[in-house]
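Q: A structural model of the following input is requested.
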Amino acid sequence: MKYLVLLGDGMADEPMEELGGLTPLEKASTPHLDRLAGAGTLGLARTVPVGFHPGSDVANLSVFGYDPHDCYSGRSPLEAASMHVDLAPEDVAFRLNLVHLEPHFAHLYMSDFSAGHIPTDQARELITSLQDHLGNDEFSFHPGISYRHLLVWKGGKDRLQCTPPHDISNQCVGDHLPRGEGAEELIHLTTQAQIILGNHPLNRRREEAGEVTANSIWLWGQGRAPQLADYRQLYGLNGAVISAVDLIKGIGVYAGLDIIEVPGATGYIDTNYRGKADAALAALQSRDFVYLHVEAPDEAAHAGNLEAKIQAIEDFDAKVVGRVLEGLNGGDDFRLLVLPDHPTPVSKRTHTSDPVPFVLYDSRRGGEEETTAVYSEKSAAATGLVEVGHQLLPRLLERKV
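A: The predicted structure follows:
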């Protein structure tokens with residue numbers, strides 16, 4: 001038996017007036033998802049427990065089968081694992097976004113939380129400069145992918161209030177600076193970084209080319225290294241993770257899963273969907289389990305781009321779900337779980353805690369009691385089935401919860 005999770009980050013949404021009351025998921029053409037919904041078990045999953053911020057960290061931990069109540073310590077330590085940055089017990093890791101802040105009447109506003117989706121090679125140059133100028137025995141800067149990077153604070157503070165930058169698009173950042181013990185150090189470090197980035201030749205070249213500059217860092221998602229049992233201990237399984245996002249790969253590292261890099265996987269709408277699907281099929285030749293994550297719908301929603309979100313959903317359906325089903329047809333029996341991690345409404349441009357539609361499909365029973373259900377928030381709610389997020393993985397694996 002083979003097991004797969006196919007996750008379209010942020011696919012779920014809310015009804016939109018410009019779509020005649022439909023959600024992007026309802027508007028998109030998704031024949032493969034609809035087929036699964038009609039032939040499998042459709043319902044809603046609460047991937048974000050009450051009291052937790054609806055971040056991809058918490059939600060994906062749930063989908064991986066971990067109860068965030070037991071193991072969540074922050075987003076950035078998970079990303080550190082993917083980036084091969086070892087954290088000592090006293091270390092605190094922070095997600096470091098390269099962002100663009102726009103001045104307006106003596107205030108700074110979060111104009112672009114991704115610095116124009118800055119290319120990885122350019123971002124690496126900037127992070128290297130920050131390490132050269134500001135790195136020391138206390139703070140170290142580590143380059144990641146595109147705008148997503150890492151700061152490690154040796155012996156740092158982790159009881160701070162830090163705001164995800166995608167939650168404050170076009171808002172004044174002065175209202176959302178770090179608060180709590182250690183905040184002054186982080187604000188000072190950010191100010192120093194702004195001076196270096198503002199004078200950096202790469203940013204001057206980007207400005208001359210009419211591109212968005214990375215003129216500031218933004219620190220958030222802090223935490224210390226978590227304790228997670230791996231899948232061999234929990235389920236006796238070997239497996240792999242396929243994603244362009246360090247957060248997802250980091251959870252995979254802690255879970256003891258192999259991390260498969262796919263050329264052209266960007267974490268954006270131009271990602272290599274088909275390459276990810278083919279990598280999943282290849283991985284299943286020698287492994288029991290694959291977790292395939294696509295970031296594109298979430299990124300489009302954060303940008304408030306309805307057209308791009310619909311396109312990303314349709315590409316996920318055709319190039320990932322459809323391709324995987326085609327490749328598995330006639331082979332080993334398989335069980336498949338498809339879902340988003342959380343909703344990312346285009347109108348809100350950030351995550352919400354609402355339950356998400358999931359479908360659980362078993363190739364041994366597919367089509368036995370086929371229905372006319374389609375894959376959408378409304379159809380999933382109509383089933384009346386609501387699952388606890390971290391219990392879906394044991395259900396997929398047919399293990400006791």
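Q: Only C-alpha atoms from now on, for both contacts and neighbour counts.
A: Noted.
Q: Could I get the buried residue list for stretch 203-217?
A: By 16 or more other CA atoms under 10 Å, the buried positions in stretch 203-217 come out as 203, 212-217.
Q: the domain parsing of the protein - what is it?
A: Domain assignment for the chain by automatic domain parsing gives 2-72+228-396, 92-223.
Q: re earlier: tell me which of the buried residues of stretch 203-217 is nearest to Gly144?
A: Closest approach between the buried residues of stretch 203-217 and Gly144, by CA to CA: Ile217, at 13.4 Å.
Q: Report the secondary structure state of the closest one.
A: Following DSSP: H, G, I helix; E, B strand; the rest coil, Ile217 is assigned to strand.
Q: Assign a three-state SS to the closest residue to it other than its chain neighbours, would you?
A: Closest residue in space to Ile217, ignoring its immediate chain neighbours: Leu98 at 4.8 Å, by CA to CA, 6 or more residues apart in numbering. Classification of Leu98 using three-state DSSP returns strand.
Q: Any figure for the gap between Leu98 and Ala115?
A: Computed as CA to CA, to the nearest Å, the Leu98 to Ala115 distance reads 6 Å.
Q: just Ala209 next, same as before
A: Relative to Ala115, Ala209 is positioned 14 Å away (CA to CA).
Q: Name the residues that touch the helix or strand harbouring Ala380?
A: Assessed by DSSP states H and E, Ala380 sits inside helix 377-382. Here helix 377-382 makes contact (CA atoms under 8 Å, 6 or more residues apart in numbering) with 12-13, 25-26, 42-44, 356-358, 373.
Q: neighbour-wise, which of the residues you listed leads?
A: When neighbours are counted by other CA atoms under 10 Å, Ala12 leads the contacts of helix 377-382 with 30 neighbours.
Q: Could you pull out the helices in the stretch 251-400 of the chain for me?
A: Secondary structure of the stretch 251-400 of the chain by DSSP state H, counting those that start in this stretch: the helices cover 273-283, 296-302, 306-315, 322-328, 377-382, 392-396.
Q: could you say what helices and strands the third one packs with?
A: Identification of packing neighbours for helix 306-315 by 3 or more CA pairs under 8 Å, 6 or more residues apart in numbering; DSSP states H and E yields helix 24-27, helix 296-302.
Q: before we move on, back to that, touching, the residue nearest to Ile217 and Thr213? I think so.
A: No - between Leu98 and Thr213 there is no contact, the gap being 9.1 Å when judged by CA atoms under 8 Å.
Q: returning to that earlier point: so which pair among the contacts of helix 377-382 is furthest apart in space?
A: Asp13 and Ala373 (18.2 Å).
Q: Show me the shaky parts of the stretch 201-350 of the chain.
A: In the predicted model of the stretch 201-350 of the chain, no residue satisfies pLDDT under 70.
Q: what about the strands in it?
A: Counting by DSSP state E, counting those that start in this stretch, the stretch 201-350 of the chain has strands at residues 216-223, 239-242, 258-260, 289-294, 334-339.
Q: Dump these to TSV, plus distance to Tyr268.
A: Converted to TSV, these look like this (distance: least, CA to CA, whole Å):
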stretch	distance to Tyr268
strand 216-223	20
strand 239-242	14
strand 258-260	18
strand 289-294	8
strand 334-339	18
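Q: Please identify which of those is closest to Ser73.
A: Ser73 sits nearest to strand 216-223 of all those, at 5.3 Å, using CA to CA.
Q: all strands of the stretch 51-200 of the chain, in order?
A: Using DSSP E, counting those that start in this stretch, the strands of the stretch 51-200 of the chain run over residues 92-104, 107-112, 139-145, 148-153.
Q: who does the longest one pair up with?
A: The one in question is strand 92-104. When sheet partners are counted by DSSP bridges, strand 92-104 sits next to strand 107-112 (antiparallel), strand 148-153 (antiparallel), strand 216-223 (antiparallel).
Q: Sweet, I'm off.
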